[in-house]
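In: return a 3D structure for these sequence lines:
(one chain, ligands or ions: 1)
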Amino acid sequence: MSGLPEEKSLDECQEPLFTFGVIADIQYADKDDGYNYVKTRIRYYRSSLSLLQDAAQDWASEPAQPAFILQLGDIIDGFNAPLKTSETSLAKVLAEFEKLKIPVHHIWGNHEFYNFSRKNLMESQLNSAHLGEAEVTPAEGASDPESFYAYHFSPFPKFRLLLIDSYDLSVIGRDPTSHKYGKSLKVLKQKNKNADLNSPAGLEDPRFVSFNGGVSNDQLNWINSVLQTADKNEETVMVAGHLPIYPPSTDPICLTWNFLEVLALLQSHPSVVAYFSGHDHDGGYSQDTCGIHHITFNGLIETPPSSQAFATMEIYEDRMELQGRGLIPNRTLIYRTRQYTNM
Ligand SMILES: Nc1ncnc2c1ncn2[C@@H]1O[C@H](COP(=O)(O)OP(=O)(O)O)[C@@H](O)[C@H]1O
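Out: Numbering: from 1, shown residues only. Below you'll find the predicted structure:
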């Protein structure tokens, strides 16, 4: 034992295997500040772009370049649709990401569907599925109107990111003539008797509102097959979707309609260590009973211009170090003990 005060443990000397940036609910619009629906929180529509610029500069100046950025959805606000600025606002926001010259993986939230049809999104720059692994991305993705937007990729050997579609079952984004729209409307009307299906007033399960959605059986089966392969290869998998799936990590109004099914599926696969989401602008965190970390990232749109809300995830063999900025706290997230017994 040398006892030198400046001596660092082996662990402290370790470099992360790779890092990536995370940002949620930018909701940019060239519009004066406003409020959320219940008028309790200010929304800084213009300032969200400045915060993104600042985040991009910060990522660019990090000693190790992030391998990619994960954009958790709601990239521009629904107000762009009536203002007829959907395309220009999206171009402005994407231009800030492009300056980084690193891949950006985009998830779709409710505000994507307020601005664009699913078909438009499939053909837009917000479809980042080509950055995934072509042989397992749903092949019919772009052409089948009932398909979902989900894919996965491996940024580093033995590590995998799986992006899922929280609005696969939904009454926003889906064509009203589609089978999935019909099914979604039926589910929603069974659970929500309000005239305005966006209103959670009086609901036992407040998540059954139009601005949320769910994951179809098709997608659950596809996720299961991806995770079976990941388990078999003893990988470490992080899953991401716009909507949270674990009640202690969010306000219940923000949950995925069938969160229990998604949660049970992820918990049944030892490769899964974390689930990342946005949507709940207040953010949240909880480790579930199986040891999966559920991180709900604070939304940039409700972050005061003097603060920040983005993160860098540092990935190690045994853990993730969440380096949060502004409203997002730092966290050490140790992977659950895994026994790959189900292959
Ligand atoms: N409590 C509510 N009652 C009725 N409509 C609501 C309620 N909360 C939100 N909405 C409507 O749902 C849509 C999405 O709400 P919004 O607050 O913009 O979502 P987000 O939190 O994703 O930004 C908007 O059209 C909004 O007016």
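
In: how close does the closest residue to residue 132 other than its chain neighbours get to residue 76?
Out: For residue 132, ignoring the flanking residues on the chain, the nearest one in space by C-beta to C-beta, 6 or more residues apart in numbering is residue 151 at 3.4 Å. Quick note: C-beta positions are derived from backbone N, CA and C, even for glycine. In this view, residue 151 and residue 76 are 22 Å apart by C-beta to C-beta, to the nearest Å.

In: these two - which one has more neighbours?
Out: residue 76 (32 against 25; other C-beta atoms under 10 Å).

In: correct me, but the more buried one touches residue 29?
Out: Yes: at 6.5 Å, residue 76 counts as touching residue 29 under the criterion of C-beta atoms under 8 Å.

In: find residues that contact each of these two.
Out: Common neighbours of residue 76 and residue 29, using C-beta atoms under 8 Å, 6 or more residues apart in numbering, are residue 89.

In: rewinding a little: per-residue pLDDT of the residue nearest to residue 132, please?
Out: Among the per-residue scores, residue 151 shows a pLDDT of 92.

In: beta partners of it?
Out: residue 163 (DSSP bridges).

In: that one touches residue 127, doesn't it?
Out: No: between residue 151 and residue 127 there is no contact under C-beta under 8 Å: 9.5 Å.

In: in the stretch 201-343 of the chain, what residue comes closest to the ligand?
Out: Going by C-beta to the nearest ligand atom, the ligand is nearest to residue 211 of the stretch 201-343 of the chain, at 4.0 Å.

In: so what's that residue up against?
Out: 110, 172, 198.

In: rerun that using 10 Å as the cut-off
Out: Listed by C-beta atoms under 10 Å, 6 or more residues apart in numbering, the contact partners of residue 211 are 37, 78, 109-111, 113-114, 167, 170-172, 197-198, 200, 243, 253-254, 279.

In: same check, this time on residue 56
Out: Shown in contact with residue 56 (C-beta under 10 Å, 6+ apart): 21, 23, 69, 96-100, 102, 310.

In: and it, helix, strand or coil?
Out: helix (DSSP: H, G, I helix; E, B strand; the rest coil).

In: now residue 173
Out: coil.

In: quick one: residue 323 is in a strand?
Out: Yes: with three-state DSSP as the criterion, residue 323 is part of a strand.

In: find the nearest non-adjacent residue to it, please.
Out: residue 312 (4.5 Å).

In: inside helices: which ones of the contacts of residue 56?
Out: Applying DSSP state H to the contacts of residue 56, the entries found in helices are 96-98.

In: if you rank those residues by neighbours, which is first?
Out: residue 97 (23 neighbours).

In: now do the contacts for that one.
Out: 21, 23, 26, 52, 55-56, 59, 69, 71, 75, 103-104, 106, 125.

In: cool, and residue 230?
Out: Neighbouring residues of residue 230 by C-beta under 10 Å, 6+ apart: 152, 154, 158-160, 162, 236-237, 269-272, 340.

In: repeat that with 6 Å
Out: Residues in contact with residue 230 (C-beta atoms under 6 Å, 6 or more residues apart in numbering) are 160, 237, 271.

In: didn't the last one look like it was pressed against residue 229?
Out: By that I understand residue 271. No: if you go by C-beta atoms under 6 Å, residue 271 and residue 229 don't touch, sitting 9.0 Å apart.

In: in the stretch 1-150 of the chain, which spans are helices?
Out: Listed in chain order, the helices of the stretch 1-150 of the chain (DSSP state H, counting those that start in this stretch) span 10-13, 47-60, 80-83, 86-98, 110-115, 118-122.

In: can you list the buried residues in the second one?
Out: By neighbour count, and taking 16 or more other C-beta atoms under 10 Å as the criterion, the buried residues in helix 47-60 are 47-49, 51-52, 54-56, 59.

In: closest one of the residues you listed to the ligand?
Out: The ligand has its nearest neighbour among the buried residues of helix 47-60 in residue 48, at 11.6 Å by C-beta to the nearest ligand atom.

In: the closest one reaches residue 31, doesn't it?
Out: No: using C-beta under 6 Å, residue 48 is not in contact with residue 31; the gap is 10.5 Å.

In: now do the helices in the stretch 201-343 of the chain.
Out: Using DSSP H, counting those that start in this stretch, the helices of the stretch 201-343 of the chain run over residues 217-232, 259-267.

In: the first one to helix 259-267, inter-axis angle?
Out: Spelled out, it's helix 217-232. 20 degrees (axes from the mean of the first three to the mean of the last three C-alpha atoms, to 10 degrees).

In: now do the closest residue to residue 218 other than its chain neighbours against the ligand, distance only.
Out: Leaving aside its sequence neighbours, residue 218 sits nearest to residue 148 (C-beta to C-beta, 6+ apart; 6.9 Å). Separation of residue 148 from the ligand (C-beta to the nearest ligand atom, to the nearest Å): 20 Å.

In: got a list of what the residue lying closest to residue 252 once chain neighbours are set aside touches?
Out: Spatial nearest neighbour of residue 252, chain neighbours left out: residue 206 (5.5 Å); criterion: C-beta to C-beta, 6+ apart. Contact analysis of residue 206 by C-beta under 6 Å, 6+ apart lists 200, 252-253.

In: may I ask which of the residues you listed has the most neighbours?
Out: The most neighbours of any of the contacts of residue 206, using other C-beta under 10 Å, belong to residue 200, which has 18 neighbours.
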